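[1] return a 3D structure for these sequence lines:
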Amino acid sequence: MRRSKYHLLNKLYLVLNQPNCMNLVQWFSWYDEILADFGFDRSADEESAKLLQNLLGDDGLSPTDIKIKENVVIFGAGPSLKENVLEFKQINMENFSVICADGAVTALLEEDIVPEIVVTDLDGNIDDLLTSNHQGSIMVVHAHGNNMETLKKYVPKLENVLGTTQSTPLKNIYNFGGFTDGDRCLFLAGKLKAKNIILAGMDFGKVVTKYSRPDIDGELGHADSIKEKKLQYAKKLVEWMVENEEITICNVSNGETISMVKNIEFSDIPISK
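    Down below sits the predicted model:
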């Protein structure tokens, strides 16, 4: 009964206060599973969300402040990232909005591409995150139980920030659904009315790159058990999005096959006019 009331209250909150957000009843069924599987602390997530709310004050963005094109490329930090970035540079980039997970921002900046939106819990290369932000990127900063000290240190250095949480949304802290930076990019794009979404550098396998794990020795490394499980959830959430939202999603990455997502080349990308 307690859980039913919790979900009902959050659904009511969604209707009244959370435009452009994922149905929280659906998200919290995922969230409950994630909490149990990883042993995360819901109260710590909620404390972090309140901290982010206080740090942003009245300066935080809302979804209505952000406009994107109907065609969106989402860059994750998987093994296909660098190759996909170079391929992206060969097409008319002006047709697309670029959203990236925080680890991918480094590879984009290396090729002089400043993403419109960076989705981050601030565990990527902080210098590159700050550079991208100061060059115009909107930062979608995510609060969770393990990044409170990082929020305190770096949020005051950022501008144009939209705050998110995976727990109960607050007045200026939103919950669009999604677990990892990569799949949260997808849920955000959907709620910002993207029509065609291209997944790039989103391989969902057992290999990590220096962009997602700067501490590895070399360009590539093996995902630890926690990272591997996070990527499995990310893939499941992408597949849920494909099945439940009226959005065309294609994949130019070279990683795992995503159910109901067509693998294409950048040259074959469908573009809304």
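[2] count of neighbours near Lys193?
    14 (other CB atoms under 10 Å). All C-beta atoms are positioned from the backbone trio N, CA, C, and that covers glycine.
[3] which strand or helix spans it?
    If you go by DSSP states H and E, Lys193 is not part of any helix or strand.
[4] give me the nearest residue to Asp58, chain neighbours excluded.
    Take Asp58 and drop its neighbours on the chain: the residue closest to it by CB to CB, 6 or more residues apart in numbering is Asn172, 7.7 Å away.
[5] look up how far Cys185 lies from that neighbour.
    Asn172 is 20 Å from Cys185, where distance means CB to CB, to the nearest Å.
[6] as a check, name the ranges of all helices in the stretch 101-250 of the chain.
    Under the criterion DSSP state H, counting those that start in this stretch, helices of the stretch 101-250 of the chain are mapped to 105-110, 126-134, 148-154, 181-191, 225-244.
[7] out of those helices, deepest packed?
    helix 181-191 (a mean of 26; mean count of other CB atoms under 10 Å).
[8] just the mean pLDDT for that helix, thanks.
    Average pLDDT, helix 181-191: 95.
[9] name the helices or strands packed onto that helix?
    For helix 181-191, the elements it packs on are strand 71-75, strand 97-101, strand 117-120, strand 138-143, strand 196-200, helix 225-244, judged by 3 or more CB pairs under 8 Å, 6 or more residues apart in numbering; DSSP states H and E.
[10] tell me the first helix or strand C-terminal of the lowest-mean-pLDDT helix or strand in the chain.
    For the chain, counting by mean pLDDT, DSSP states H and E, helix 2-17 ranks last in confidence among helices and strands (a mean of 45). Counting by DSSP H and E, the next helix or strand C-terminal to helix 2-17 is helix 24-38.
[11] buried stuff in that following helix?
    Neighbour-count burial for helix 24-38 flags Leu24, Trp27, Phe28, Trp30, Tyr31, Ile34, Leu35 (criterion: 16 or more other CB atoms under 10 Å).
[12] just to check, the last one is in contact with Arg42?
    Yes: when contacts are counted by CB atoms under 8 Å, Leu35 is listed as touching Arg42 (5.8 Å).
[13] mind checking how far Phe187 is from Ile247?
    According to CB to CB, Phe187 and Ile247 sit 11 Å apart.
[14] hmm, I was thinking of Lys89
    Distance, Lys89 to Ile247, using CB to CB: 25 Å.
[15] before we move on, what about Val140?
    Val140 sits 18 Å away from Ile247, taking CB to CB as the criterion.
[16] quick one: which of these two has more around it?
    A count of neighbours by other CB under 10 Å puts Val140 above the other of Val140 and Ile247, at 26 against 17.
[17] where in this protein is pLDDT low?
    1-22, 214-218, 221, 270-273 (pLDDT under 70).
[18] mind doing that once more with 80?
    For the chain, the stretches with pLDDT under 80 are 1-23, 207-209, 212-223, 267, 269-273.
[19] is it correct that Ile249 is in contact with Ala194?
    No: using CB under 8 Å, Ile249 is not in contact with Ala194; the gap is 9.4 Å.
[20] what touches both of those two?
    By CB atoms under 8 Å, 6 or more residues apart in numbering, Ile249 and Ala194 have no common neighbours.
[21] now do the nearest residue to Lys195 once chain neighbours are set aside against Ile264, distance only.
    Using CB to CB, 6+ apart and skipping residues adjacent in sequence, the residue nearest Lys195 is Glu70, 4.1 Å away. Between Glu70 and Ile264 the computed distance is 17 Å (CB to CB).
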